[in-house]
Structure formats: C-alpha cells, structure tokens
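S.K.: Provided below are the primary sequence and the corresponding predicted coordinates.
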Amino acid sequence: MGKAFRNEITPRNFIFRVREFEQMELEFFVKPGTDDEWHEYWINKRIEWWVNQGIKKENLKKIEVEKNELAHYSKRTVDINYVFPHGEEELEGVANRTDFDLGSHTKNQNDFKITSEVMKNSSSTTKLAVQDLEEKKWYIPYVIEPSAGVDRGVLALLNEAYREENVDKDNKRILLSLKPHLSPIKAAVIPLKKNNEELVNLSKEIKSNLQKLGLGRVVLENSGNIGKNYRRHDEIGTPICLTVDFETLEDKSVTVRDRDTMKQERVSIENLSEYYKKYFN
C-alpha cells in the first residue's frame, strides 16, 4: 500500500453512525477500481482496532463470507469473529457494498455506470457523485462499510479483562484489567485514615487537581480501609490508586499503586500531574 493511497483518508470520505446504540457503522467512500485494496485495508485496520481495545489477536478470527451468502449488493464481505467461552460469534462485518448505496439515492441514475442492481429513483434531487478532475468524468463512489455490534463488543472486552488471581495462599482478587482509556474511573485518591482532617483535605486537593486535567473521572475513596479500597477498584477496573498517608505530610509524595501489577511507587505531588498525563496518554 503506497503513501499516496494512505493519504487519501480524509474526513470527506467518512460517514459514521450509531444505530439505536446497538450497531456502529462507518461508511468509507472510494473510487471504483480501488475498492479491493481499500476493503483489505479496512479489514486489517478493524482487527488492529479491536486489539488496541484489549482483545488478544489469537481470539479474533477472519471469516470470508461465501458468495452464495452475500447480500445482493455486496462484492465481498469479511466477518471478524471473537472466540467467546461459549463459542465463536461475529463481532463485526466489513463489506464492500459497491455503488449500491449512493447509486440507489442519486438523481440522474442513467448518467452513471452504476454496477449494482438498484431500483429506479426518479424522486432524488441530489447528485451523489464525485468528479475525477484529471479524467473530467463523474462517478458514483463505492462504499466500504465496517459494521460492529456494540453489546457483543462490550461483552468481548469484559471477557478479556475479567480474571481472578491468587494473591497469596489464602486470598484471591477479582481483576477487571480494562485498557486505561476504557476504564470508567481513571484513578482513586485514598486518604490512609478517613477521620484525619489533614490527610482528607490534601486528598481532596489532589483529586481536584487531577480531575481538572480532563482525562476522565477521579474519585475520592474515603472509607479508611486501604486493602478493601484496593480490591474494590481492582474489581471495577480503576487503573491506579493514589494513597495519601502520613509520609505524604512529611515529604509531599504519594503512593501510586498499579492495578495490574500491584506495584507501588512514591511520586512527588509536584510531579504528579505530569506522571498522570504520561500514564494516560
């Protein structure tokens, strides 16, 4: 795939829509003759996107839809399936819909070499075509359409993220290891003692400063039980917890605990904003 081919991706090529919060669709317009290459590009790009959301590549299967099962307007469709514990199911289909979509709704259909079978449309008032400035010809774009199910996709992500781990011989923890950008809560700020005014006030200040960075929700967890707080946020997928303790009052640093590794490190309050931005960007 050449550089010029990649550079043709612009906002003008796209229509993105969510239908009734169940289906995410993207329609990408391409010049006839380049559609096969663009179709393959979007198949690979969508697999890459799912991997970036946290799904293991080995759990994704690329399934070629048989010609006798294709929709009448489809030149080729490839399904992206996910291997759930209960069996393999489709997450998304990526279809080459040819010029059916725009050809069905354009005015002056007879002016164009429409390759798909479209019904005659005499009521349209819009010319849904693009002019090739070099050839001085008008053409109806082909449409490459990735279409993904929202609820099934969320279930796949939860399945990948959920696990139970043995912490020691007698204890285990439940962990929701979501990618940080998908975690509903980005961080929890925890004062070591809930009835210590100095610790609580400093925790509120840190929470407020991190929230102002605009990277997602930060909560103050003021129950006083540090172990239970860590476990609670492991379960809901919070990537990091910041503990404000008595050492904080002396050296102006906090303990930052990573959800997945449980590794802890001291970070100065002065450097905390930069640490936080680097973690989530």
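M.R.: Cool, the structure landed.

S.K.: Next up, the contacts around the nearest residue to residue 91 once chain neighbours are set aside.
M.R.: Nearest residue to residue 91, sequence neighbours excluded (Cβ to Cβ, 6 or more residues apart in numbering): residue 82, at 4.8 Å. All C-beta spots, glycine's among them, are computed from the backbone N, C-alpha and C. By Cβ atoms under 8 Å, 6 or more residues apart in numbering, residue 82 lies in contact with 50, 55, 59-61, 88-91, 152, 156.

S.K.: do you know how far residue 82 is from residue 37?
M.R.: To residue 37, residue 82 is 26 Å away according to Cβ to Cβ, to the nearest Å.

S.K.: need the contact list for residue 157.
M.R.: Residues near residue 157 by Cβ under 8 Å, 6+ apart: 53-55, 178, 182.

S.K.: which one of the contacts of residue 82 sits closest to residue 121?
M.R.: residue 90 (31.5 Å; Cβ to Cβ).

S.K.: does that closest one sit in a helix, a strand or a coil?
M.R.: strand (DSSP: H, G, I helix; E, B strand; the rest coil).

S.K.: for the stretch 51-200 of the chain, which spans come out with low pLDDT?
M.R.: For the stretch 51-200 of the chain, no stretch is flagged by pLDDT under 70.

S.K.: Helices of that one, residue ranges please.
M.R.: Using DSSP state H, counting those that start in this stretch, the helices of the stretch 51-200 of the chain run over 100-105, 150-161, 197-211.

S.K.: quick one, which of the ones you listed is packed in tightest?
M.R.: helix 100-105 (a mean of 21; mean count of other Cβ atoms under 10 Å).

S.K.: counting contacts, what elements does that helix pack onto?
M.R.: Judged by 3 or more Cβ pairs under 8 Å, 6 or more residues apart in numbering; DSSP states H and E, helix 100-105 is in contact with strand 142-149.

S.K.: and if we set it to 10 Å?
M.R.: strand 23-30, strand 142-149 (3 or more Cβ pairs under 10 Å, 6 or more residues apart in numbering; DSSP states H and E).
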